[in-house]
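A.B. asks: Next input, structure requested:
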Amino acid sequence: MKYFKKLVGERIYLSPMNPADAETYTKWLNDLEVTDGLGNSIRITSLDNERAWIQQNSGQYEFAIVRLEDDKLLGNCGFHNIDHLRQCSELGLFIGDEENRNQGYGAEVLNLLLDYGFNYLNFNNVMLKVFSFNERAINCYKKVGFKEIGRRRKSYYVKGKFYDDVFMDILKEDRIKD
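C.D. replies: Residues are numbered from 1 along each chain as shown. Next up is the predicted model:
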(Lines give C-alpha, C1' and ligand atoms only; values in the text may rest on other atoms or scores of the structure.)
Protein backbone atom coordinates (compact mmCIF):
# COMPACT_ATOMS: atom_id res chain seq x y z
CA MET A 1 0.00 0.00 0.00
CA LYS A 2 1.30 3.42 -0.95
CA TYR A 3 -0.45 5.36 1.84
CA PHE A 4 -1.44 4.68 5.43
CA LYS A 5 -4.55 6.24 6.95
CA LYS A 6 -3.29 8.07 10.03
CA LEU A 7 -6.08 10.69 10.24
CA VAL A 8 -9.31 10.04 8.34
CA GLY A 9 -11.96 12.59 7.40
CA GLU A 10 -15.06 12.42 5.24
CA ARG A 11 -13.35 12.86 1.86
CA ILE A 12 -9.64 12.86 2.60
CA TYR A 13 -7.12 11.24 4.89
CA LEU A 14 -3.67 12.21 6.08
CA SER A 15 -0.89 9.70 5.59
CA PRO A 16 2.82 9.65 6.31
CA MET A 17 4.59 10.97 3.22
CA ASN A 18 5.77 8.45 0.65
CA PRO A 19 9.20 8.99 -0.98
CA ALA A 20 7.71 7.61 -4.22
CA ASP A 21 5.75 10.88 -4.45
CA ALA A 22 8.91 13.02 -4.70
CA GLU A 23 8.37 13.61 -8.42
CA THR A 24 4.83 14.93 -7.86
CA TYR A 25 5.97 17.21 -5.03
CA THR A 26 8.87 18.43 -7.18
CA LYS A 27 6.42 19.32 -9.97
CA TRP A 28 4.22 21.26 -7.53
CA LEU A 29 7.14 23.00 -5.80
CA ASN A 30 8.37 24.32 -9.13
CA ASP A 31 4.90 25.62 -10.10
CA LEU A 32 4.70 29.34 -9.40
CA GLU A 33 0.94 29.10 -8.86
CA VAL A 34 1.68 26.85 -5.87
CA THR A 35 4.85 28.45 -4.57
CA ASP A 36 3.68 32.08 -4.72
CA GLY A 37 1.25 31.17 -1.92
CA LEU A 38 3.92 29.28 0.02
CA GLY A 39 6.44 32.10 -0.15
CA ASN A 40 9.17 30.08 -1.80
CA SER A 41 8.92 30.88 -5.50
CA ILE A 42 12.58 31.87 -5.63
CA ARG A 43 13.59 28.35 -4.58
CA ILE A 44 14.37 25.75 -7.22
CA THR A 45 13.42 22.26 -6.09
CA SER A 46 15.23 19.30 -7.61
CA LEU A 47 13.97 15.74 -7.52
CA ASP A 48 16.96 14.61 -5.45
CA ASN A 49 16.51 17.42 -2.93
CA GLU A 50 12.78 16.76 -2.59
CA ARG A 51 13.35 13.03 -2.15
CA ALA A 52 15.91 13.77 0.59
CA TRP A 53 13.53 16.24 2.28
CA ILE A 54 10.74 13.64 2.34
CA GLN A 55 13.09 11.04 3.78
CA GLN A 56 14.33 13.46 6.43
CA ASN A 57 10.86 14.70 7.44
CA SER A 58 8.75 11.56 7.06
CA GLY A 59 9.02 10.80 10.79
CA GLN A 60 7.94 14.32 11.71
CA TYR A 61 4.41 15.68 11.78
CA GLU A 62 4.27 16.11 7.99
CA PHE A 63 1.51 14.39 6.06
CA ALA A 64 0.42 13.63 2.54
CA ILE A 65 -3.14 14.77 1.85
CA VAL A 66 -4.87 11.90 0.05
CA ARG A 67 -8.38 11.68 -1.41
CA LEU A 68 -10.29 8.84 0.23
CA GLU A 69 -12.26 7.65 -2.80
CA ASP A 70 -9.27 6.98 -5.08
CA ASP A 71 -6.07 7.37 -3.00
CA LYS A 72 -5.01 10.35 -5.14
CA LEU A 73 -2.32 12.59 -3.65
CA LEU A 74 -3.72 16.12 -3.31
CA GLY A 75 -1.07 17.99 -1.36
CA ASN A 76 0.86 18.22 1.86
CA CYS A 77 0.32 19.54 5.37
CA GLY A 78 1.85 19.44 8.79
CA PHE A 79 3.04 21.03 11.98
CA HIS A 80 6.39 22.76 12.27
CA ASN A 81 8.24 24.90 14.82
CA ILE A 82 6.74 22.71 17.52
CA ASP A 83 7.40 23.80 21.08
CA HIS A 84 6.04 21.13 23.43
CA LEU A 85 7.06 23.07 26.55
CA ARG A 86 4.96 26.07 25.51
CA GLN A 87 2.32 23.78 23.92
CA CYS A 88 2.33 25.61 20.60
CA SER A 89 3.06 24.96 16.98
CA GLU A 90 2.79 26.40 13.51
CA LEU A 91 0.78 24.76 10.77
CA GLY A 92 1.01 24.77 7.00
CA LEU A 93 -0.69 23.13 4.04
CA PHE A 94 -1.01 23.27 0.30
CA ILE A 95 -3.17 21.64 -2.35
CA GLY A 96 -1.06 20.96 -5.44
CA ASP A 97 -3.33 20.98 -8.48
CA GLU A 98 -5.70 23.89 -9.15
CA GLU A 99 -8.57 21.49 -9.94
CA ASN A 100 -8.49 20.30 -6.32
CA ARG A 101 -8.48 23.77 -4.76
CA ASN A 102 -11.67 25.44 -3.59
CA GLN A 103 -13.28 22.04 -3.06
CA GLY A 104 -13.37 22.14 0.74
CA TYR A 105 -10.35 19.88 1.15
CA GLY A 106 -8.36 22.59 2.96
CA ALA A 107 -10.96 23.02 5.72
CA GLU A 108 -11.15 19.25 6.16
CA VAL A 109 -7.36 19.04 6.42
CA LEU A 110 -7.31 21.84 8.99
CA ASN A 111 -9.98 20.16 11.10
CA LEU A 112 -8.08 16.86 11.09
CA LEU A 113 -4.78 18.53 11.97
CA LEU A 114 -6.27 20.68 14.72
CA ASP A 115 -8.09 17.75 16.33
CA TYR A 116 -4.84 15.78 16.27
CA GLY A 117 -2.77 18.71 17.54
CA PHE A 118 -5.10 19.60 20.41
CA ASN A 119 -6.18 16.08 21.44
CA TYR A 120 -2.99 14.07 20.90
CA LEU A 121 -0.02 16.44 20.74
CA ASN A 122 -1.34 18.59 23.61
CA PHE A 123 -1.04 21.91 21.79
CA ASN A 124 -2.84 24.90 23.25
CA ASN A 125 -2.06 27.34 20.42
CA VAL A 126 -1.61 26.71 16.71
CA MET A 127 -0.48 29.57 14.48
CA LEU A 128 -0.06 30.03 10.75
CA LYS A 129 1.11 32.67 8.31
CA VAL A 130 -0.65 33.52 5.07
CA PHE A 131 -0.04 36.30 2.56
CA SER A 132 -2.59 39.09 2.28
CA PHE A 133 -3.34 38.40 -1.41
CA ASN A 134 -4.47 34.85 -0.60
CA GLU A 135 -8.06 35.66 0.30
CA ARG A 136 -9.27 32.14 -0.48
CA ALA A 137 -6.93 30.70 2.17
CA ILE A 138 -7.73 33.46 4.70
CA ASN A 139 -11.46 32.74 4.33
CA CYS A 140 -10.83 29.01 4.81
CA TYR A 141 -8.79 29.64 7.96
CA LYS A 142 -11.48 31.92 9.39
CA LYS A 143 -14.17 29.34 8.60
CA VAL A 144 -12.31 26.78 10.72
CA GLY A 145 -11.90 29.26 13.59
CA PHE A 146 -8.53 30.96 13.11
CA LYS A 147 -8.37 34.64 14.06
CA GLU A 148 -5.99 37.28 12.74
CA ILE A 149 -3.49 38.23 15.43
CA GLY A 150 -1.28 40.63 13.50
CA ARG A 151 0.42 41.63 10.29
CA ARG A 152 3.91 42.29 9.14
CA ARG A 153 3.28 45.01 6.60
CA LYS A 154 4.64 44.82 3.05
CA SER A 155 7.10 42.06 3.91
CA TYR A 156 6.53 39.69 0.99
CA TYR A 157 7.52 40.69 -2.53
CA VAL A 158 6.18 38.78 -5.50
CA LYS A 159 5.32 39.74 -9.08
CA GLY A 160 6.35 43.36 -8.60
CA LYS A 161 4.26 44.06 -5.51
CA PHE A 162 4.59 43.96 -1.75
CA TYR A 163 2.07 42.10 0.42
CA ASP A 164 1.53 41.71 4.16
CA ASP A 165 2.29 38.59 6.13
CA VAL A 166 -0.96 37.83 7.95
CA PHE A 167 -0.54 35.90 11.19
CA MET A 168 -3.49 33.89 12.47
CA ASP A 169 -3.94 31.52 15.38
CA ILE A 170 -6.45 29.30 17.10
CA LEU A 171 -6.58 28.14 20.71
CA LYS A 172 -7.58 24.75 22.04
CA GLU A 173 -10.44 26.41 23.92
CA ASP A 174 -11.75 27.80 20.63
CA ARG A 175 -12.19 24.26 19.31
CA ILE A 176 -12.98 22.10 22.28
CA LYS A 177 -16.12 23.04 24.14
CA ASP A 178 -17.05 21.31 27.41
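
A.B. asks: When you work out contacts or count neighbours from here on, use the C-alpha atoms and nothing else.
C.D. replies: OK.

A.B. asks: Which other helices and strands does the helix of greatest length in the chain contact?
C.D. replies: Taking DSSP state H as the assignment, the helix of the chain that covers the most residues is helix 105-119. Under the contact definition 3 or more C-alpha pairs under 8 Å, 6 or more residues apart in numbering; DSSP states H and E, helix 105-119 sits against strand 7-8, strand 12-16, strand 88-95, helix 135-144.

A.B. asks: any chance of those in TSV, with distance to G78 and mean neighbour count too?
C.D. replies: Output for the helices and strands packed on helix 105-119, formatted as TSV (distance: least, C-alpha to C-alpha, whole Å; neighbours: other C-alpha atoms under 10 Å):
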stretch	distance to G78	mean neighbour count
strand 7-8	12	17
strand 12-16	9	24
strand 88-95	6	20
helix 135-144	15	16
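
A.B. asks: Looking at those, which is nearest to D31?
C.D. replies: Minimum separation from D31 across the helices and strands packed on helix 105-119 (C-alpha to C-alpha) falls at strand 88-95, 11.9 Å.

A.B. asks: That closest one relative to helix 135-144, how many degrees between them?
C.D. replies: Per axes from the mean of the first three to the mean of the last three C-alpha atoms, to 10 degrees, the angle that strand 88-95 makes with helix 135-144 is 130 degrees.
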